[in-house]
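Participant: Predicted model and sequence follow; I will ask about them next.
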Amino acid sequence: MGEIIEATGLSKRYGDHQAVDNVDLTVEEGSFFGILGPNGAGKTTLLEIIEGIRKPDAGTARIAGVEVWPRNTEILTKIGVQFQSAAFFPKLTAREQIRAFADLYGAPESRCDALLEQFGLTQKAGTLTEDLSGGQSQRLSIACALVHDPQVVFLDEPTAALDPQARRNLWDALRGINAEGRTVVLTTHYMDEAQSLCDQVAIMDHGRILTVDSPRALIAHINAPHKITIDRDLMSVPDAAAIGGVHSVEDTGESLTMITDDPAPVLTALAERKALAGVGVSGASLEDVFLELTGREYRA
Ligand SMILES: Nc1ncnc2c1ncn2[C@@H]1O[C@H](COP(=O)(O)OP(=O)(O)OP(=O)(O)O)[C@@H](O)[C@H]1O
């Protein structure tokens, strides 16, 4: 498998604002690729340039070897695009919506029914799209983006504004799309989403890509310590601080958190003192990676 997307030197300015700043990006065919960054980082603009729907000021992007700008209809059959706000035709049911998309692409009706089934919408096929829940609407818009069986699927913040259960359901559906062999490129401002779904994550801030790697490698490369948390009443702060390998102790009033580079001996010491009630151990996360890269806390 080679590179399905190759972008070099992409830039886009709106007035004084450099929305995308000299971005190079490659995406491996079949991967689940995330562009992660806070609101306003430039994710949507970058995605639209790569999709070939927004003209960059500079740089080039290719999908499957084909340059995306000037607009190239050859690419339309290869890509599926789901926009941030689902754009449905008014007054149509879910089934009529997807059939309208299928007609545009010359896809068979059987494909529509299969997609409604795949996205858990068979029961909702006769419902007007304005009466669908947020999660159902998002799933329908992704199903519509897949109607012509594209090789690459672009999703712009697909889980924004969904409740936690609907987000998890959508994650499963997105994993399914990728498992079918499609390349998925997704923008998100949710760290946990990028960490859970993506093979590769590009962290974007102020129009620039700061780093690209697997979530595991990004986390492994920073030296963030582990945090071990126990119930507050099990131990005094000085006793916790005296355990070998503990750098510092945080007292929240309900729990004690010990900061350490090496959790195993600390856990052993806690076990010996029968002080493991409520224990939780957490390592570094993508939030720590963002902090290390930018020097500031992540605020989506
Ligand atoms: N058409 C436009 N004209 C002027 N400024 C724009 C335009 N589109 C986006 N911007 C600005 O460019 C910056 C990047 O916007 P963009 O939507 O690409 O970021 P984003 O990371 O996708 O953020 P969000 O998650 O909020 O969509 C923002 O400051 C935004 O206000």
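Facilitator: That came in fine, so what should we check first? Source: prediction; values computed, not measured.
Participant: check contacts around residue 173.
Facilitator: 118-120, 139, 142 (CB atoms under 8 Å, 6 or more residues apart in numbering). Every C-beta, even on glycine, is put in place using the N, C-alpha and C of the backbone.
Participant: show me where the chain has helices.
Facilitator: 43-51, 73-76, 94-105, 109-118, 134-145, 164-179, 191-197, 215-220, 237-241, 263-272, 286-294 (DSSP state H).
Participant: if we can go back for a sec, would TSV of the contacts of residue 173 with neighbour count be doable?
Facilitator: Shown next, in TSV, are these (neighbours: other CB atoms under 10 Å):
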residue	neighbour count
118	17
119	25
120	15
139	27
142	22
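Participant: ok, which pair from the residues you listed is furthest apart?
Facilitator: 120 and 142 (11.4 Å; CB to CB).
Participant: mind listing what the spatially closest residue to residue 48 that is not a sequence neighbour touches?
Facilitator: Nearest residue to residue 48 in three dimensions, chain neighbours excluded: residue 54, at 3.8 Å (CB to CB, 6 or more residues apart in numbering). For residue 54, the contact set (CB under 8 Å, 6+ apart) comprises 12, 45, 48.
Participant: before we move on, what about residue 221?
Facilitator: 213, 289 are the contacts of residue 221 under CB under 8 Å, 6+ apart.
Participant: Now do the contacts for the residue sitting nearest the centre point of the chain.
Facilitator: In the chain, the centroid-proximal residue (CA atoms, centre = their mean) is residue 194; its distance is 3.7 Å. By CB under 8 Å, 6+ apart, residue 194 lies in contact with 34, 36, 188, 201, 215, 286.
Participant: Please tell me how far the second one sits from residue 243.
Facilitator: From residue 36 over to residue 243 the distance is 35 Å, taken as CB to CB, to the nearest Å.
Participant: Of those two, which one has the most company?
Facilitator: residue 36 (29 against 21; other CB atoms under 10 Å).
Participant: For the more buried one, which non-adjacent residue is spatially closest?
Facilitator: residue 194 (4.3 Å).
Participant: Quick check: pLDDT value at that neighbour.
Facilitator: In this model, residue 194 is scored at 94, pLDDT.
Participant: next one: the one 3 residues further on
Facilitator: Looking at residue 197, its pLDDT stands at 96.
Participant: if I pick it, what's in contact with it?
Facilitator: 32, 34, 171, 174-175, 186.
Participant: give me that answer again for 6 Å
Facilitator: Contact partners of residue 197, counting by CB atoms under 6 Å, 6 or more residues apart in numbering, are residue 32.
Participant: With the one 10 residues further on instead?
Facilitator: Remark: with contacts taken as CB under 6 Å, 6+ apart, residue 207 is in contact with 18-21, 42.
Participant: Filter these down to just the ones in strands.
Facilitator: 18-21 (DSSP state E).
Participant: quick one: which of those has the most company?
Facilitator: Most crowded among the ones in strands among the contacts of residue 207, counting by other CB under 10 Å, is residue 20 at 30 neighbours.
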